[in-house]
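Asker: Starting from these lines, generate the structure:
(chains A and B)
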2 protein chains.
Amino acid sequence: MPATPAWPPRSAPRLYVDAELGEGIAVPVDGNAAHYLLSVMRVAEGDCVLLFNGRDGEWASRASSIRKRDLVLVCVEQTRPLESVPDLWLCAAPIKKGRIDLVAEKACELGAAVLQPVLTRRAVVDKLNLDRLRAHMQEAAEQCGRTILPELREMVKLDALLRDWPAGRHLFFADETGGQPMRTAFANHSGPAAFLIGPEGGFDREERAAIRAHPAAVPLSLGPRILRAETAAIAAVACWMAANGDWAGHGC
Amino acid sequence: MPATPAWPPRSAPRLYVDAELGEGIAVPVDGNAAHYLLSVMRVAEGDCVLLFNGRDGEWASRASSIRKRDLVLVCVEQTRPLESVPDLWLCAAPIKKGRIDLVAEKACELGAAVLQPVLTRRAVVDKLNLDRLRAHMQEAAEQCGRTILPELREMVKLDALLRDWPAGRHLFFADETGGQPMRTAFANHSGPAAFLIGPEGGFDREERAAIRAHPAAVPLSLGPRILRAETAAIAAVACWMAANGDWAGHGC
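Answerer: Presented below is the predicted three-dimensional model:
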């Protein structure tokens, strides 16, 4: 008797959809997603596609009703429950297009719960295309196995962010004028956390004073080299995940 | 009496050059570097430009003999000695163009000493343009303040890398089949280190067995999400720098 093929197969494509997911539910797919499944991944009738929508966990589905530009995916069984990611917010000033896209992609892969754009005085960019950022996060979630997207919030001004800061959430920020090494800061400040990352030109003096004066603020040093804004964001999230997040074999 | 302007000014452009640097030495600049200084940064006669070449530390120079497409920079004084960066190698399989460029740029910014390309069986890309990678590292070094570039080595095959592995250097690698959390691994393995990062499709089974069997190998877990190759490389270097490198206020 031949061995039963593993189900779902490891090579099954993984797709974010908006639709509700549940046993027997048929999800119609067209547009770019259909092109990806049919022309790039060569999905055929009966093949498995993994689906998630950020609410119902991950579902294995079977491809059916394949036509040239669309198909239907019928949910068979839940393969993973909805996960909870570590309670980390990334509050980042908008920066140039390719680099803020990278921040959105990596924040998702690395496991951040929230991406909060923050407008600061030295921002070179003062508008963000949230739909484009969301698309980058969806693609990253498809690739990295997340069942829930980071929550992408509307941009707020720095003073409003500080004014409405939730009690009990540490506000880590890289302070050029000096701060604690990350490993010390993370060891001394467990629990819900956020990073505040400035734009290309950094925070101005008044902004830095306002952040430092905030009761939740924890100034960090990110080492002797000057990191670009997106590098600081990615490095900080990775270091926090390794120290206080879920990279250590347990939740935070 | 007016205050003496700070020298060198904080806004001085910073440029990597091949030429020898020393008091009174005149460095001719043309091509893209001259275009950057004259058209982008609007450098004028007498303005300060910081120079480094990876050998002689950082020197403040003054612009002179400015013409349409070239100028001369005359070294005035050394502003920083040649630094030593933490003893970390990044051994990375080649991946798609934009993503390996990102690895080179971020390895430089984050402080790696060596970038060693490694050819593995599942590599989608089997050639690398080292000149292009070096250009990305030079630009990153100009921006982040390094006085020495990461050493960019010629690509080697994985089996040769393992065979010639230097005694006393830990070989950290992300093992999908399980490994230590980074914080534990770094705490237990101080001293010279390297990360080995596979291509998009990971190492194959035999490769993984050969790496695991190496006496220097330390398998790591990079958490519950599947990281892209470049994300794993950047995250690993950042986490090592924060734990065992020079982000903690002291050398490793």
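Asker: what's near enough to touch whichever residue of the stretch 1-150 of chain A sits closest to chain B?
Answerer: Of all residues in the stretch 1-150 of chain A, the one sitting closest to chain B is A:Cys144 (4.3 Å; CB to the nearest CB). From N, CA and C alone the C-beta is placed, and that goes for glycine too. Contacts for A:Cys144 (CB atoms under 8 Å, 6 or more residues apart in numbering or on different chains) come out as A:108-109, B:225-228.
Asker: which one of those residues has the most neighbours?
Answerer: In terms of neighbours by other CB atoms under 10 Å in any protein chain shown, those top out with A:Cys108 at 29 neighbours.
Asker: Make sure that residue is indeed in a strand.
Answerer: No - read with DSSP: H, G, I helix; E, B strand; the rest coil, A:Cys108 is helix and lies in no strand.
Asker: For it, which non-adjacent residue is spatially closest?
Answerer: Once flanking residues are discounted, A:Cys108 sits nearest to A:Ala140: 3.9 Å by CB to CB, 6 or more residues apart in numbering or on different chains.
Asker: just A:Val43 next, same as before
Answerer: Closest to A:Val43 by CB to CB, 6+ apart is A:Leu37, at 4.4 Å.
Asker: One more: A:Ile148?
Answerer: Ranked by CB to CB, 6+ apart and with sequence neighbours excluded, the top spatial neighbour of A:Ile148 is A:Gly54, at 4.9 Å.
Asker: Test my guess that that neighbour contacts A:Leu152.
Answerer: No - with contact defined as CB atoms under 8 Å, A:Gly54 does not count as touching A:Leu152 (11.1 Å).
Asker: when you scan the longest strand out of those in chain A, is anything in it near chain B?
Answerer: As assigned by DSSP state E, the longest strand anywhere in chain A is strand A:71-80. No - remark: strand A:71-80 sits outside contact range of chain B, by CB under 8 Å from any CB of the partner chain, the gap being at least 10.9 Å.
Asker: Okay, buried residues for that strand please.
Answerer: Using 16 or more other CB atoms under 10 Å in any protein chain shown as the test for burial, strand A:71-80 gives A:71-75, A:79.
Asker: could you say what helices and strands it packs with?
Answerer: With contacts taken as 3 or more CB pairs under 8 Å, 6 or more residues apart in numbering or on different chains; DSSP states H and E, strand A:71-80 sits against strand A:26-29, strand A:48-52, strand A:58-64.
Asker: To B:Asp47, which of those strands lies closest?
Answerer: Across the helices and strands packed on strand A:71-80, B:Asp47 has its closest neighbour in strand A:48-52 (55.2 Å, CB to CB).
Asker: starting at the chain centroid, how far to that closest one?
Answerer: The chain centre lies 19 Å from the centre of strand A:48-52; the measure is CA atoms, centre = their mean, to the nearest Å.
Asker: returning to that earlier point: would you list the helices and strands packed on strand A:71-80 in a markdown table and tack on distance to chain B and mean neighbour count?
Answerer: Output for the helices and strands packed on strand A:71-80, formatted as a markdown table (distance: least, CB to the nearest CB, whole Å; neighbours: other CB atoms under 10 Å in any protein chain shown):
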| stretch | distance to chain B | mean neighbour count |
| --- | --- | --- |
| strand A:26-29 | 23 | 17 |
| strand A:48-52 | 13 | 23 |
| strand A:58-64 | 13 | 20 |
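Asker: Which residues of chain A lie near chain B?
Answerer: For chain A, the residues in contact with chain B (CB under 8 Å from any CB) are A:102, A:106, A:109-111, A:143-146, A:181-184, A:221-228, A:231, A:234-235, A:238-239, A:241-243, A:245-249.
Asker: for A:Ala248, what are its contacts?
Answerer: Applying CB under 8 Å, 6+ apart to A:Ala248 gives the contacts A:242, B:181, B:183-184.
Asker: To clarify, my last question referred to A:Leu161.
Answerer: A:Leu161 makes contact with A:91, A:116, A:118, A:196 under the criterion CB under 8 Å, 6+ apart.
Asker: From what I see, the first one and A:Leu196 are in contact.
Answerer: Yes - counting by CB under 8 Å, A:Leu196 is a contact partner of A:Cys91 at 4.7 Å.
Asker: Tell me the residues that contact both of those two, please.
Answerer: Residues within reach of A:Cys91 and of A:Leu196 at once, by CB under 8 Å, 6+ apart, are A:118, A:161.
Asker: More neighbours: the two, which one.
Answerer: In terms of neighbours (other CB under 10 Å), A:Leu196 is the more surrounded of A:Cys91 and A:Leu196; the figures are 29 against 23.
Asker: In a strand, that one, correct?
Answerer: Yes - under three-state DSSP, A:Leu196 sits within a strand.
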